[in-house]
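[1] just need the structure, nothing else, for what follows:
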Amino acid sequence: MSDQELPSPQGDKPPRRRPAIRRLRRAAAVLALVLLLPVLTAGVALRLEYAGDPDAAGRTRGRDAVWLGHAWVDGRRDTADLTALLRKVRGTGIRDLYVHTGPLEHDGSLDAALYPRSSWLIREAHRALPGVRVQAWLGDIVSHEGSPGLRTDDPATRSRIRDSAAQVLDAGFDGVHFDLEPMHSGDQGFLALLGATHEMTAARGVPLSVATHQIDPLPSAHSAFDKYWSQRYFGEVARLVDQVAVMAYDSWMPLESLFGGSVAHQTALALEVVPAGVDLLIGLPAYHTHTAGHHPSTETVTAAVRGARLGLSRQAHDRERFGLALYVDFAATEKDWAAYRTSWGEV
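    Sure, this is the predicted structure:
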């Protein structure tokens, strides 16, 4: 008799699965459901955030901004470049130009040789766009657990950063824009730095601005990811400056609607804690580099503008101290500029 002809030990019935295997598979199915449900729930919630009519938010309040690359102050940009930039900015609500003037040294100092053409840019920008503010964008990597970078827990480093801020103001800049990351939620050294620097900028009558991390989209997300701050810490930072610009991009979202929903959610969370006397700006992803957290086809200026307007319309539609900020000039396309202008920025 061949193997195929041999009867089953249990006759014609299929062999019974062992109870342990059945329990294991059932447990695996339950675990998968438990892990998947929050993701699905969050996805549905973000999609709902992106629904609705943003018209109640109105249009630009004249408090928008754009981040500009270092080439504007080191000599690589010329008059023709500035004419092209001014053509894009003129007639919009852009008031602040965040011009990359650093980076800071890890000890907090700033080499003045990094921005030899700053006077030209400031002079020509003021001439062509009366009322525009040219802020010095100062950034660096923050040290954590001994890694290279700025140490915000070191008083001497904080003092040198404050001195660097005074240095760019002496050079003619209209304000200081800090972008120090990754900054852990709850970092007390950063709060001390902002407090000391704001005392100096306020005495000079110029704004202190800061690029901020996103607010926890889920409870305690900041405990697992450096890109988030608790809402409470975000509010503490906002109370120590004149302007906050939320880096609302690099969201890891797989769909444009989910990205727009996340921007709407971030906008609403920020509006809850940013004081009425502080400018709140939402960053727009006008760059097209593919990374793990940023997909250009998903994170669009169009979706970000709509999301920000939806968040504003629901939370504080009549708030005047609100704006949008394009990141970044050297990567922004005509389509990006058009999306900003037609949906929000055109005066």
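[2] in a helix, Phe330, correct?
    No - in this structure, Phe330 is coil, not part of a helix, as judged by DSSP: H, G, I helix; E, B strand; the rest coil.
[3] got the residue ranges for the helices in the stretch 51-200 of the chain?
    For the stretch 51-200 of the chain, the helices defined by DSSP state H, counting those that start in this stretch cover 71-74, 79-89, 118-128, 155-170, 188-204.
[4] average pLDDT for the first one?
    If I follow you right, that is helix 71-74. On average, the pLDDT along helix 71-74 is 98.
[5] deepest-packed of the helices of the stretch 51-200 of the chain, please.
    Here the criterion is mean neighbour count by mean count of other C-beta atoms under 10 Å, and of those the winner is helix 71-74, at a mean of 21. C-beta coordinates here come from the backbone N, C-alpha and C atoms, glycine included.
[6] now stretch 259-269, how far from the chain's geometric center?
    11 Å (C-alpha atoms, centre = their mean, to the nearest Å).
[7] just the CA trace of it, in PDB.
    C-alpha atoms of stretch 259-269 as PDB (Å, rounded to 0.1, in the frame of the first residue of the first chain):
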ATOM      1  CA  PHE A 259      -0.900  65.000   7.300                       C
ATOM      2  CA  GLY A 260      -3.400  67.900   6.900                       C
ATOM      3  CA  GLY A 261      -5.300  66.500   9.900                       C
ATOM      4  CA  SER A 262      -2.100  66.300  12.000                       C
ATOM      5  CA  VAL A 263      -1.400  70.000  11.200                       C
ATOM      6  CA  ALA A 264      -5.000  70.900  12.200                       C
ATOM      7  CA  HIS A 265      -4.500  69.000  15.400                       C
ATOM      8  CA  GLN A 266      -1.100  70.600  16.100                       C
ATOM      9  CA  THR A 267      -2.600  74.100  15.400                       C
ATOM     10  CA  ALA A 268      -5.400  73.500  17.900                       C
ATOM     11  CA  LEU A 269      -3.100  72.200  20.600                       C
END
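[8] tell me the mean pLDDT for that stretch?
    Here the average pLDDT along stretch 259-269 is 98.
[9] now what about that stretch, what contacts it?
    45-50, 214-217, 231, 234, 246, 248, 251, 253, 282, 298-300, 303-304, 306-308, 310-312, 314-315 (C-beta atoms under 8 Å, 6 or more residues apart in numbering).
[10] isn't Ala304 right next to Ala248, touching?
    Yes - using C-beta atoms under 8 Å, Ala304 is in contact with Ala248, at 6.5 Å.
[11] related to what we said a few turns ago, which of the contacts of stretch 259-269 are buried, as a PyMOL select command?
    In PyMOL, a selection of the buried entries from these looks like this (16 or more other C-beta atoms under 10 Å):
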select buried, resi 46+49+50+214+215+216+217+231+234+246+248+251+253+282+298+299+300+303+304+306+307+308+310+311+312+314+315
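[12] filter the contacts of stretch 259-269 down to just the ones in strands.
    Applying DSSP state E to the contacts of stretch 259-269, the entries found in strands are 214-215, 246, 282.
[13] so can I have JSON lines of the residues you listed showing pLDDT and distance to Leu208?
    Shown next, in JSON lines, are those (pLDDT from 0 to 100; distance: C-beta to C-beta, whole Å):
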{"residue": "Gln214", "pLDDT": "98", "distance to Leu208": "20"}
{"residue": "Ile215", "pLDDT": "98", "distance to Leu208": "20"}
{"residue": "Val246", "pLDDT": "98", "distance to Leu208": "16"}
{"residue": "Ile282", "pLDDT": "98", "distance to Leu208": "19"}
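[14] may I ask which two of those are separated the most?
    Between any two of the ones in strands among the contacts of stretch 259-269, the greatest separation by C-beta to C-beta is 11.7 Å, found for Ile215 and Ile282.
[15] overlap in contacts of these two?
    Both Ile215 and Ile282 are contacted by 246, 266, 270, under the criterion C-beta under 8 Å, 6+ apart.
[16] strands paired with the longest strand belonging to the chain, and their directions?
    Assignment by DSSP E gives strand 133-141 as the longest strand of the chain. With DSSP bridges as the test, strand 133-141 is paired with strand 94-100 (parallel), strand 175-181 (parallel).
[17] mind putting these into a markdown table with mean pLDDT?
    A markdown table is the format used below for these (pLDDT from 0 to 100):
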| stretch | mean pLDDT |
| --- | --- |
| strand 94-100 | 98 |
| strand 175-181 | 98 |
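[18] looking at these, which is nearest to Leu85?
    From the strands paired with strand 133-141, taking C-beta to C-beta, the stretch that ends up closest is strand 94-100, at 8.8 Å.
[19] residues in contact with the closest one: which ones?
    Residues outside strand 94-100 that contact it (C-beta under 8 Å, 6+ apart) are 62-70, 72-73, 89, 118, 121, 125, 131-137, 139, 173, 175, 177, 207, 209, 243, 245, 323, 325-326, 345.
[20] distance to Gly260 and mean neighbour count added to the strands paired with strand 133-141, as a markdown table?
    Compiled in a markdown table, the strands paired with strand 133-141 are given as follows (distance: least, C-beta to C-beta, whole Å; neighbours: other C-beta atoms under 10 Å):
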| stretch | distance to Gly260 | mean neighbour count |
| --- | --- | --- |
| strand 94-100 | 22 | 25 |
| strand 175-181 | 24 | 24 |
